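S.K.: Sequence first, predicted model second:
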Amino acid sequence: MKRSKTMNIRRLTMIGLFTALAYVVMVLIHFPVPPMLTLDLKDTVITLCGLCFGPLAAVFAGIVVPFLELITVSGTGVYGFVMNALGTLSFSVTVSLIYRFRKNMLGAVLGLVSGVFAMTAVMLLFNLVITPWYLHISVAEVRQMIPTLLLPFNLVKAVLNAALVMLLYKPVSTALQRMGFLPRSEHSYRLDWRTVTAIVISLVLVVAAFVVVFQVLGGSFTFGWGA
């Protein structure tokens, strides 16, 4: 009983730390994409939290971080909060929910691919619903933005976060197991051909995503608090 209570306290502590880390990553490292979009990496941290501690942890972090962004550094108000929360939750909860019931490489890949499609679809749908109100433009004008901006941006953002999660999950979960924050897994972290292949593919996707952001969508790099 005492051991279970200690594990729960450690679990809640780590969820809080992941949430704080996601907020700091969002603030310090982001990539503005004209005219009104910003690519950041908080979804990577929140999804790692969900994979390690379950979908409810992803829900918690996926709401708290956008809210903290709203009351501190956001320039888009409630609109930004809603869109950020929808994007983060659609990706991180989908990934962690699928992985919860299939904890192996196939489950991770299925979860990440599903998360990419879920996030892209949800963001396109709600851009059509909410963006006309925020920008004071017609739905038809938003539709015109889909093939040239909204679709590539949201797809690239989802793929980038999926690739980073694939790269980081095993090292992060292994470290947490060694520190006693997660129960020991039967499957140790090994650099077999599957792991190496996943790393190579993930690195290629990360590079490709940044090329699209900077060369195709005209993004710019921003580093610094409140920048």
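M.R.: The structure has been received and is ready for your questions.
S.K.: Skipping adjacent residues, who's closest to the residue positioned nearest the centre of the chain in space?
M.R.: Nearest to the mean C-alpha position of the chain, counting by Cα atoms, centre = their mean, stands Asp43 at 1.8 Å. The shortest distance from Asp43 to any non-neighbouring residue, by Cβ to Cβ, 6 or more residues apart in numbering, is to Asn161 (4.4 Å). (Each C-beta comes from the backbone N, C-alpha and C, glycine too.)
S.K.: tell me which residues of the host helix or strand of that neighbour are tucked away?
M.R.: Asn161 belongs to helix 151-178 when assigned by DSSP states H and E. Buried residues in helix 151-178, defined by neighbour count with 16 or more other Cβ atoms under 10 Å: 152-170, 172-174, 176-177.
S.K.: immediately after that helix, which helix or strand?
M.R.: Helix 151-178 is succeeded, C-terminally, by helix 193-211 (DSSP H and E).
S.K.: I'd like to know which elements that following helix is packed against.
M.R.: Counting contacts by 3 or more Cβ pairs under 8 Å, 6 or more residues apart in numbering; DSSP states H and E, helix 193-211 packs against helix 151-178.
S.K.: coming back round to it: need the contact partners of the strand or helix carrying the residue nearest to the centre of the chain.
M.R.: Counting by DSSP H and E, the element that carries Asp43 is helix 42-53. Residues outside helix 42-53 that contact it (Cβ atoms under 8 Å, 6 or more residues apart in numbering): 11, 14-15, 18-19, 21-23, 25-26, 57-58, 61-62, 65, 87-88, 91-93, 95-96, 99, 108, 115, 157, 161, 164-165, 168-169, 172-173, 176, 182.
S.K.: Sketch out the low-pLDDT regions of the protein for me.
M.R.: For the chain, the stretches flagged by pLDDT under 70 are 1-7, 185-191, 223-227.
S.K.: now do 50
M.R.: Applying pLDDT under 50 to the chain flags the ranges 226-227.
S.K.: Just want the angle from the lengthiest helix in it to helix 42-53.
M.R.: In the chain, with assignment by DSSP state H, the single longest helix is helix 105-135. Interaxial angle of helix 105-135 relative to helix 42-53 (axes from the mean of the first three to the mean of the last three Cα atoms, to 10 degrees): 140 degrees.
S.K.: C-terminal to helix 105-135, what's the next element?
M.R.: Going down the chain from helix 105-135, the next helix or strand is helix 139-145, by DSSP H and E.
S.K.: Check which residues of that next one are buried.
M.R.: By 16+ other Cβ under 10 Å, the buried positions in helix 139-145 come out as 142, 145.
S.K.: next one: stretch 8-22
M.R.: 11, 14-15, 18-19, 21-22.
S.K.: same check, this time on stretch 61-76
M.R.: Neighbour counts using 16+ other Cβ under 10 Å place 61-66, 68-70, 74, 76 of stretch 61-76 among the buried residues.
S.K.: List the residues that contact Tyr23.
M.R.: Going by Cβ under 8 Å, 6+ apart, Tyr23 touches 42, 64-65, 68-69.
S.K.: nearest to Met83, of those?
M.R.: When the contacts of Tyr23 are compared for distance to Met83 (Cβ to Cβ), Glu69 comes out closest, at 11.0 Å.
S.K.: Could you say which helix or strand holds the closest one?
M.R.: Taking DSSP H and E as the criterion, Glu69 maps to helix 55-72.
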